[in-house]
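> Provided below for reference: sequence and predicted model.
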Amino acid sequence: MVFIIRRLLQAVLVALVMSVLVFAGVFAIGNPADILIDPEATQAERLRLIQQLGLDRPLYEQYFIFLGNLLQGDFGTSFVFNRPALHIIFERMPATLELAFAAIFIAVVIGIPLGLWAGLRPNAVSSKAIMAGSILGFSLPNFWQGIMLILLFSVTLGWLPVTGRGPVGEFLGMRSSLFTLEGLRHIALPAFNLAVGLLALVIRLTRAGTLEVMPQDFIRFARAKGLRERRIIFIHLLRNILIPVVTVVGMSFGGLIAFAVVTETIFAWPGMGKLIIDSINVLDRPIIVAYLMVIVVVFITLNLIVDILYSIIDPRIRLEEAGQ
């Protein structure tokens with residue numbers, strides 16, 4: 001219990017520090033009045049709008065107002081949409097979440113089998129080709145991959161649509177483009193583009209785990225008992241190599257959400273990433289701050305959950321904390 005309370009206090013402190021950094025960094029950039037106010041507006045109209053937006057107050061006063069509103073769940077009102085910033089982000093969040101889940105699904109379903117193959121046959125030409133492909137997955141810029149995918153599958157072959165989310169379907173009360181065939185066609189390219197980096201990581205982790213586990217005694221004992229190779233691989237081997245893979249995939253979820261900006265911009269995917277780019281272009285500060293704080297909370301929450309789960313799985317972590 002002490003371990004959990006300490007982690008919760010650390011999470012609150014990190015969130016508070018990040019709120020200061022995010023707010024100061026965003027509000028130190030440009031003046032949204034220069035973009036939002038008509039150049040032909042009178043000085044009185046300009047001053048009235050600046051006061052209405054609260055831009056005439058000192059920066060520290062704006063922060064304390066923001067922090068007080070934040071504790072009440074109010075992230076401010078968008079300068080452009082004239083609506084609560086958090087509501088706008090939550091409207092765009094489902095599109096980003098389904099893109100991130102689709103990317104994780106692609107990375108796991110493709111990456112684990114390829115990593116297993118590369119680990120079980122490390123000297124085969126196909127295995128070396130898989131590892132070379134994983135290096136490319138780490139190395140190639142995400143925006144370039146997206147452009148090449150569009151040129152190949154949309155422009156040249158005409159198989160998949162270029163932009164947009166596609167029609168949304170409903171299943172068990174949930175609405176998502178993943179529940180329609182046309183929606184799946186729309187998400188295929190952006191999801192694969194977002195998944196490439198994680199796919200390469202899953203391949204390498206799976207291969208490394210396979211190479212480490214296969215020579216161990218319990219695998220030899222299973223073979224000596226006459227178990228089929230398929231059973232050894234899918235029961236004994238996978239059980240031991242999936243723990244680090246699942247951990248990395250889980251921790252990568254927040255990163256996929258945060259770094260979906262490039263993919264969403266290239267494919268005009270109507271998620272939070274495209275929203276933040278559009279908001280930066282017009283200096284819509286409440287949207288920018290709310291988005292960054294949501295991402296901060298996502299990362300802190302995921303780290304907190306992982307720490308708590310590790311302390312439950314391995315009590316030595318709690319004992320080490322208590323001994324410090």
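Nice, I can see it. If you're wondering where the values come from, they're calculated on a predicted model, not measured in any experiment. Residues are numbered from 1 along each chain as shown.
> Which residue ranges of the stretch 51-200 of the chain form helices?
Along the stretch 51-200 of the chain, the stretches classed as helices by DSSP state H, counting those that start in this stretch are 59-71, 85-120, 125-139, 142-149, 181-213.
> For residue 220, which of those helices is the nearest?
Nearest of the helices of the stretch 51-200 of the chain to residue 220, taken as C-beta to C-beta: helix 181-213 at 11.3 Å. (Each C-beta comes from the backbone N, C-alpha and C, glycine too.)
> Show me what the closest one packs onto, helices and strands only.
helix 85-120, helix 125-139, helix 142-149, helix 238-258, helix 261-266 (3 or more C-beta pairs under 8 Å, 6 or more residues apart in numbering; DSSP states H and E).
> Name the residues of that helix that are buried.
Residues of helix 181-213 classed as buried by neighbour count (16 or more other C-beta atoms under 10 Å): 183-184, 186-210, 213.
> for stretch 60-80, same thing?
62-63, 66, 70, 74-80.
> cool, stretch 217-235 as well?
So stretch 217-235, judged by 16+ other C-beta under 10 Å, has buried residues 219, 222, 232-233.
> Do me a favour and get the end-to-end distance for that stretch?
15 Å (C-alpha to C-alpha, to the nearest Å).
> Now that stretch: average pLDDT?
Averaging pLDDT along stretch 217-235 gives 78.
> Repeat that for stretch 186-202.
Here the average pLDDT along stretch 186-202 is 91.
> mind putting the helices and strands packed on helix 181-213 in a markdown table, distance to residue 273 and mean neighbour count included?
Formatted as a markdown table, these follow (distance: least, C-beta to C-beta, whole Å; neighbours: other C-beta atoms under 10 Å):
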| stretch | distance to residue 273 | mean neighbour count |
| --- | --- | --- |
| helix 85-120 | 6 | 20 |
| helix 125-139 | 20 | 14 |
| helix 142-149 | 12 | 16 |
| helix 238-258 | 8 | 17 |
| helix 261-266 | 4 | 22 |
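> if we can go back for a sec, quick one: which of the buried residues of stretch 217-235 is nearest residue 261?
residue 233 (38.4 Å).
> List the residues that contact that closest one.
116, 120 (C-beta atoms under 8 Å, 6 or more residues apart in numbering).
> same deal with residue 133?
200, 203.
> What separation do you get for it and residue 111?
11 Å (C-beta to C-beta, to the nearest Å).
> what does residue 134 give?
For residue 134, the distance to residue 111 - C-beta to C-beta - is 9 Å.
> Helix, strand or coil: sort out the closest residue to residue 232 other than its chain neighbours for me.
Nearest non-adjacent residue to residue 232, counting by C-beta to C-beta, 6 or more residues apart in numbering: residue 222, 4.9 Å away. The three-state assignment at residue 222 reads helix, by DSSP: H, G, I helix; E, B strand; the rest coil.
> these two touch, right, residue 222 and residue 229?
No: counting by C-beta atoms under 8 Å, residue 222 does not reach residue 229; the two are 9.5 Å apart.
> what touches both of residue 133 and residue 111?
Going by C-beta under 8 Å, 6+ apart, residues that sit against residue 133 and also against residue 111 are 200, 203.
> Do me a favour and get the backbone dihedrals for residue 226.
Note on residue 226: backbone dihedrals following degrees, to the nearest 10 are phi 90, psi 20.
> From residue 208, how far out is the closest residue to residue 202 other than its chain neighbours?
Leaving aside its chain neighbours, residue 202 sits nearest to residue 111 (3.1 Å; criterion: C-beta to C-beta, 6+ apart). Distance, residue 111 to residue 208, by C-beta to C-beta: 12 Å.
> Kindly report the same for residue 130.
13 Å.
> One more: residue 185?
From residue 185 to residue 208 the distance is 35 Å (C-beta to C-beta).
> now do residue 115
For residue 115, the distance to residue 208 - C-beta to C-beta - is 8 Å.
> ok, now residue 224?
Applying C-beta to C-beta to residue 224 and residue 208 gives a distance of 25 Å.
> now, which of the buried residues of stretch 217-235 sits nearest residue 157?
Once C-beta to C-beta is applied, the member of the buried residues of stretch 217-235 that ends up nearest residue 157 is residue 233, at 35.2 Å.
> ok, the closest residue to residue 209 other than its chain neighbours - contacts?
Nearest non-adjacent residue to residue 209, counting by C-beta to C-beta, 6+ apart: residue 241, 3.2 Å away. The contact partners of residue 241, by C-beta under 8 Å, 6+ apart, come to 205-206, 209-210, 212-213.
> between the residues you listed, which is nearest residue 16?
residue 205 (34.3 Å).
> how about the closest one, what does it touch?
Counted by C-beta under 8 Å, 6+ apart, residue 205 has contacts 115, 241, 244-245, 248.
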